[in-house]
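Student: Build me a structure from this.
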Amino acid sequence: MKYLKLKENREFRRAYNKGEALVSPYFVAYAFKTKGTKLRLGITVSKKLGCAVKRNRAKRVITAAFREVSPQISGGYDFVIVARSKILSVKSYEVVRVLKKQLKKVGILYD
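Tutor: Sure thing, here's the model as predicted:
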């Protein structure tokens, strides 16, 4: 499933405040069910994580993992994924495994 990007601050805040938090060592994902059928993703990486190269790598790893998982997500959701420092030392397939596990636990992902 194709996904769009979250861009506005109010969309991020809505996911933080009303969404369900999925915590892992690599990221914290907030999933907010929307009325539409579109899937949207926002990625947040703090400057505390490192220089621009490290922050961009974290975004690429998260984007690659989400791209692999997104066809199995039904319905419309807004996802905000906040990177944690351990994401810099793993490959995207490990992040995919953890993301699938977290989404299955809350019933968003179907097989």
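
Student: Buried residues, the helix or strand of the chain at the bottom of the mean pLDDT ranking. List them.
Tutor: Every helix and strand of the chain was ranked by mean pLDDT, DSSP states H and E. The lowest is strand 3-5, at a mean of 91. Of the residues in strand 3-5, Tyr3 count as buried by neighbour count, 16 or more other CB atoms under 10 Å. C-beta coordinates here come from the backbone N, C-alpha and C atoms, glycine included.

Student: Packing partners of the helix or strand following that strand?
Tutor: Elements were assigned by DSSP states H and E; along the chain past strand 3-5, the next helix or strand is helix 9-18. Helix 9-18 is packed against strand 27-33, strand 39-44, strand 77-83, with contacts defined by 3 or more CB pairs under 8 Å, 6 or more residues apart in numbering; DSSP states H and E.

Student: Quick one: these as JSON lines, columns for distance to Leu99 too.
Tutor: Conversion of the helices and strands packed on helix 9-18 to JSON lines gives the following (distance: least, CB to CB, whole Å):
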{"stretch": "strand 27-33", "distance to Leu99": "7"}
{"stretch": "strand 39-44", "distance to Leu99": "11"}
{"stretch": "strand 77-83", "distance to Leu99": "8"}
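
Student: Sweet, I'm off.
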